[in-house]
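S.K.: show me how the following folds:
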Amino acid sequence: MKKLVLLISILFLNLTSAQIVVQGDLTTDQTLTSSSTYLLRGFVRVKAGATLTIEPGTVIYGENSSQGSLIVQPGGKIVANGTKEQPIVFTSEFRKAGASRPPTYGDWGGIIILGNARINVPGGTSQIEGPGDTFGGTNDDDNSGVLRYVRIEYPGIAFSPNNEINGLTFGGVGRGTTIEYVQVSYSGDDSFEWFGGNVNGKYLIAYKGWDDDFDTDFGYAGKLQFLLSVRDPQIADQSASNGFESDNDGSGSGNTPLTSPTWFNVTLIGPKQDASTQINSLYKRGMHLRRNSQNKISNALIMGWPTGILLDGAPTINGAINQTNYIKNSIISGSTSASVDTTKSTGGFAPVDWFTTDMAGRIYTTNGEIQLSNPFSSTQPSFLPTSNSPVLVSAATPPNDGFFDASANYVGAFKDIDWTSTWSDFNPVGPTSVKNKVAISDFQLNQNYPNPFNPVTSISYQLPGSSNVTLRVFDILGNEVAILVNESQAAGSYSVNFDAAQLSSGIYIYQLAVESFIQTKKMTLLK
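M.R.: The predicted structure follows:
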């Protein structure tokens, strides 16, 4: 077997730490330290019997050209135990200082953790989508390690249709594993996906992913509490993007264990803030529960999705009737097509009545009625409710079972404490290594759209001192559209106009690089 290859690169970041290339199979214990940065090259596998330990504050880049990915095989462990002040960051190599383009969706593979817990595939094992490594077994107490205070940015690649690497994938992972405070941002596929197993998780953020936020399959039966997802109105997948997508398996069989996770305190911020928001037509449902999945959901807040909930198919609907599949004490707001829907009528089942009466749920016409502080902000959102918010009443009390926080008797993932503070990042655009950075203030975009005859973007910024400045424009795929500034500039305020008359409608990325520090902003061109 290959051993871990550590190659010291001649590239030095911030003149203090060398980049180390990590590739091949890890067959013995290894530690990544915060004094260096790392590059994942190709499929890096933590083999059975080996433990990969990652210190708080460590930055690991995924290589784009080799689809760099980290795979923890059954019997292997990852101990990525960050802190609130020093989270561990996996991110795109294009977040390095001086990168040739801004980061974007699917810049690298992602993280896959595989274990020996039960799955519902006949024979008890399967191959994970993407790289095809084997997972599954009989040990529900299996321990694959720790992910705590970890960010995973710009992952998610597709090898072929329905064969992708997600931001963070679990396959047959057991409940001996600890998953807390994990954010997946700008994933090119699902943000989180569980294939069987029963690993538990708390404080999870799916931020502006491409496909589904939280996807469960193959008999996953873990416990989850305090989950948040936030969407970009313009970005959705051709397979249709949902907050939850849940299957027992691809055929909707009765194979056991059934997919039956227990969820408490979920906030799903959909793409549509209000009636005037233009969204991608591929957005579908806050929750798509189908193929005989039997979810147990309580205290969920579903805001701004075209359809709030879709119960899909007779087995799932029958589970709702029998309350083996339920969504209790939850709220839907701002849905434009249907609050609760089904794809099949079963014995006179009325989905809205089921949700509001049997499940003690509530439906609000607008998102404003929910009275959260600023949930739809693109860079500095706040999800805390005001004192009069309806999320603070008529909620279920989580069980006091040693995992769930029994005091969280409110709807959604937040009450009066912002657990995303400090460790998370809702605007991950500049380099992750920020020592000796040059501050850029008042970096703003203003566009006079909709005006098909004069779609000019005005870019303004202020320099604190003389600096080398580059201002570029890219499309959403990372292709350079224009170089607007490439020169040394004195301290002062600047304004640059970009005439986008020759461009098609869509999302464009404006990258301002000052010395080694980069800021990026997105704007949608409407014509």
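
S.K.: Gly167 is in contact with Glu110, correct?
M.R.: Let me fix one detail, which is that residue 110 is Gly and not Glu. Yes. Using CB atoms under 8 Å as the test, Gly110 is close enough to Gly167 to be in contact (5.2 Å). Placement of C-beta: from N, CA and C, glycine included.

S.K.: which neighbours do those two share?
M.R.: 152, 155-156, 187 (CB atoms under 8 Å, 6 or more residues apart in numbering).

S.K.: can you redo those as JSON lines with distance to Ile317?
M.R.: What follows is those, written out as JSON lines (distance: CB to CB, whole Å):
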{"residue": "Ile152", "distance to Ile317": "35"}
{"residue": "Pro155", "distance to Ile317": "35"}
{"residue": "Gly156", "distance to Ile317": "31"}
{"residue": "Ser187", "distance to Ile317": "30"}
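
S.K.: which of the residues you listed sits closest to Pro351?
M.R.: The shortest approach to Pro351 among the shared contacts of Gly110 and Gly167 belongs to Ser187, at 29.9 Å (CB to CB).

S.K.: hey, what's the most centrally placed residue in the chain bridged with?
M.R.: Nearest to the geometric centre of the chain sits Ala206, at 2.8 Å (CA atoms, centre = their mean). Bridge pairing for Ala206 (DSSP bridges) gives the partners Val184, Ser229.

S.K.: relative to Leu384, how far out is it?
M.R.: 19 Å (CB to CB, to the nearest Å).

S.K.: so where's the stretch 1-150 of the chain shaky on pLDDT?
M.R.: Low-confidence segments of the stretch 1-150 of the chain (pLDDT under 70): 1-18.

S.K.: just the helices in it please.
M.R.: Counting by DSSP state H, counting those that start in this stretch, the stretch 1-150 of the chain has no helices to list.

S.K.: what's the neighbour count on Phe244?
M.R.: Using other CB atoms under 10 Å, Phe244 has 28 neighbouring residues.

S.K.: what sits against Val469?
M.R.: 463, 485-489, 512-514.

S.K.: including neighbour count, could those residues go into CSV?
M.R.: Formatted as CSV, the contacts of Val469 follow (neighbours: other CB atoms under 10 Å):
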residue, neighbour count
Leu463, 20
Val485, 15
Asn486, 11
Glu487, 8
Ser488, 8
Gln489, 16
Leu512, 23
Ala513, 25
Val514, 23
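
S.K.: let's see which of these end up in helices.
M.R.: Among the contacts of Val469, no member is found in helices (DSSP state H).

S.K.: could I get the longest helix seen in the chain in PDB with only the CA atoms?
M.R.: Longest helix in the chain, counting residues (DSSP H): helix 314-322. Output in PDB follows, covering the C-alpha atoms of helix 314-322 (Å, rounded to 0.1, in the frame of the first residue of the first chain):
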ATOM      1  CA  ALA A 314     -48.100   5.600  -0.600                       C
ATOM      2  CA  PRO A 315     -45.600   4.100   1.900                       C
ATOM      3  CA  THR A 316     -44.500   7.500   3.100                       C
ATOM      4  CA  ILE A 317     -48.100   8.700   3.300                       C
ATOM      5  CA  ASN A 318     -49.200   5.600   5.100                       C
ATOM      6  CA  GLY A 319     -46.400   6.300   7.600                       C
ATOM      7  CA  ALA A 320     -47.800   9.800   8.100                       C
ATOM      8  CA  ILE A 321     -51.300   8.400   8.700                       C
ATOM      9  CA  ASN A 322     -49.800   5.900  11.200                       C
END
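
S.K.: ok so, going back, out of the contacts of Val469, which is nearest to Ile302?
M.R.: Leu512 (36.3 Å).

S.K.: check the gap between Asn367 and Ser373 for me.
M.R.: For Asn367, the distance to Ser373 equals 12 Å [CB to CB].

S.K.: for those two, indicate the residue with more neighbours.
M.R.: Legend: neighbour count by other CB under 10 Å for Asn367 and Ser373, higher for Asn367 (21 against 14).

S.K.: which residues touch the more buried one?
M.R.: Applying CB under 8 Å, 6+ apart to Asn367 gives the contacts 273-274, 303-304, 333-334, 375-376.

S.K.: let's see that with 7 Å instead.
M.R.: Contacts of Asn367 were listed using CB atoms under 7 Å, 6 or more residues apart in numbering, and they are 273-274, 303-304, 333-334.

S.K.: same deal with Leu227?
M.R.: 204, 214, 266, 413.

S.K.: which element is the first one on?
M.R.: When you say that, I think you mean Leu204. Assessed by DSSP states H and E, Leu204 sits inside strand 201-207.

S.K.: quick one: residues in contact with that strand.
M.R.: So strand 201-207 is contacted by 179-185, 191-192, 213-214, 222, 224-230, 419-420, 424, 426 (CB under 7 Å, 6+ apart).

S.K.: just the ones of the residues you listed in strands?
M.R.: Judged by DSSP state E, those include 179-185, 192, 214, 224-230 as members of strands.

S.K.: of the residues you listed, which is the most crowded?
M.R.: Val184 (30 neighbours).

S.K.: surely that residue and Leu168 touch.
M.R.: Yes. Judged on CB atoms under 7 Å, Val184 makes contact with Leu168 at a distance of 5.4 Å.

S.K.: how long is stretch 199-212 from one end to the other?
M.R.: 19 Å (CA to CA, to the nearest Å).

S.K.: show me which positions of stretch 333-342 end up buried.
M.R.: 333-336, 338-342 (16 or more other CB atoms under 10 Å).

S.K.: run through the stretch 251-400 of the chain and note the low-pLDDT ranges.
M.R.: Confidence mapping of the stretch 251-400 of the chain against pLDDT under 70 gives the ranges 345-346.

S.K.: in it, which spans are strands?
M.R.: Secondary structure of the stretch 251-400 of the chain, counting by DSSP state E, counting those that start in this stretch: strands at 262-269, 285-290, 296-303, 307-312, 326-328, 331-333, 338-342, 362-364, 372-374, 382-385.

S.K.: minimum distance to Gly49: which of those strands has it?
M.R.: Closest to Gly49 of these is strand 262-269 (CB to CB; 32.2 Å).

S.K.: elements contacting that closest one?
M.R.: strand 223-230, strand 296-303 (3 or more CB pairs under 7 Å, 6 or more residues apart in numbering; DSSP states H and E).

S.K.: would you mind measuring from the residue of the chain positioned farthest from its centre to Ser466?
M.R.: Most distant residue from the mean C-alpha position of the chain: Ala490, 39.3 Å away (CA atoms, centre = their mean). Distance, Ala490 to Ser466, by CB to CB: 5 Å.

S.K.: now Asp358
M.R.: Per CB to CB, Asp358 is found 67 Å from Ser466.

S.K.: which of the two has more neighbours?
M.R.: Ranked by neighbour count (other CB under 10 Å), Asp358 and Ser466 place Asp358 first, with 15 against 11.
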